[in-house]
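for reference, the sequence and a predicted model appear below.
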Amino acid sequence: MRRFSLTLGLRDEIYRNFQHQWNPSAGAGFWLNSWAKLRASASRAFRLPTYTDLYYRDPANIGNPLLRPERAWTYEGGLDVSLPREAKAAVTIFQRRERDGIDFVRRSAADIWRATNFQALNFTGVEAQVAVVAVRRHRIELSYTGLNGAQTVLMGMQSKYVFNYPRHAGVATWQAAWSNGLMARTRLGALERFGRSPYAVWDTFLAWQKGRVRPYLQLTNLTSTRYQELIGVSMPGRSVLGGLELVLYRPR
């Protein structure tokens, strides 16, 4: 068995006035045995401010033509484990160190959102995932992500995007497929965003996967939870979507 793996990459991004940014990346893996693998990676990212960031203006938002590009280094390390009965588990610890991060901020709800650069932003988090085949044709997946950012850079201001991140997010998914063609999937996600109350959203999907006519039914936000992914933008309540998929040709 090959115990080591190494991946190296280098990307050059050329933008206005032929300026450029080098963005390297590296990843390594080490197999402890046939079912456990350690991994680590590091990469650099670069993003130019968009037209909206620079010049957009309306009664609630104003861009900033003096914005600097974002630059960030991301580091992560983790462990992947393959368990019996097709079960898998993984845990990852990561950190993102961002410089000149772009966001829209305001001092109060009565103020307008203004585009600005944060000189330094550091986020540290952990991810954990488990997938288990509980019974034949039934699969259960559990995942959790925790994230913490150094919010002292806000200096009492409100953030529209960067500090609207989920501090805690958990998802439980169950999926099953039967030999008669019926497939069912349900997903329950609970999330707590920075400085806001936690909420949960429950979705379900049913479909028939055999024959030329395949009906399906999708139910989203079954509990009609009221929540906002972006401040001031309410997400849809309970909804039902159904339809038919027509298979015109099936290869032999």
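All right, it came through fine. Residues are numbered from 1 along each chain as shown.

and whichever strand or helix holds I140, what does it pack onto?
Taking DSSP states H and E as the criterion, I140 maps to strand 138-149. The elements that strand 138-149 packs onto, with contact taken as 3 or more CB pairs under 8 Å, 6 or more residues apart in numbering; DSSP states H and E, are strand 113-135, strand 166-177. The C-beta positions use only the backbone N, C-alpha and C, and glycine is treated the same way.

mind redoing it with 10 Å?
Judged by 3 or more CB pairs under 10 Å, 6 or more residues apart in numbering; DSSP states H and E, the packing partners of strand 138-149 are strand 88-106, strand 113-135, strand 166-177, strand 182-193.

doesn't V153 belong to a helix?
Yes - with DSSP: H, G, I helix; E, B strand; the rest coil as the criterion, V153 is assigned to a helix.

for it, which residues are in contact?
The contact partners of V153, taken as CB atoms under 10 Å, 6 or more residues apart in numbering, are G101, D103, F118, Q119, A120, L121, N122, S159, V162, F163.

pretty sure the fifth one contacts D100?
Yes - the pair formed by A120 and D100 meets the contact definition of CB atoms under 10 Å, at 8.6 Å.

so which of the two has more stuff around it?
In this view A120 and D100 are compared by other CB atoms under 10 Å, and D100 has more residues nearby, 18 against 11.

give the closest residue to R57 in space, chain neighbours not counted.
Here the nearest residue to R57 in space, its sequence neighbours aside, is G63; by CB to CB, 6 or more residues apart in numbering that works out to 6.2 Å.

how near is the closest residue in space to T116 that isn't next to it in sequence to L54?
Once its chain neighbours are removed from consideration, T116 has its nearest residue in V105; the separation is 5.6 Å (CB to CB, 6+ apart). As for V105, its distance to L54 is 16 Å (criterion: CB to CB, to the nearest Å).

so V240 sits right up against L217, yeah?
Yes - taking CB under 10 Å as the contact criterion, V240 and L217 are neighbours in contact, 7.4 Å apart.

sorry, back to before: hey, which of the helices and strands packed on strand 138-149 is tucked in deepest?
Sort the helices and strands packed on strand 138-149 by mean neighbour count, taking mean count of other CB atoms under 10 Å, and strand 88-106 sits at the top with a mean of 18.

which elements pack onto that strand?
Under the contact criterion of 3+ CB pairs under 10 Å, 6+ apart, strand 88-106 touches strand 36-47, helix 51-55, strand 61-62, strand 70-82, strand 113-135, strand 138-149, strand 158-159.

okay, A87: pLDDT?
The predicted local confidence for A87 comes out at a pLDDT of 86.

residues contacting it?
V81, V130, A131, V132, V133, A134, R139, I140.

swap the cut-off to 6 Å and go again
Shown here is A87, whose contacts under the criterion CB atoms under 6 Å, 6 or more residues apart in numbering are V132.

what do you get for F94?
For F94, the residues meeting the contact criterion (CB under 6 Å, 6+ apart) are E76, G125.

any idea how far it is from L79?
In this view, F94 and L79 are 13 Å apart by CB to CB.

pLDDT below threshold where in this structure?
Low-confidence segments of the chain (pLDDT under 70): 1, 18, 134-135, 151-152, 250, 252.

P251 in helix, strand or coil?
With three-state DSSP as the basis, the three-state label of P251 is coil.
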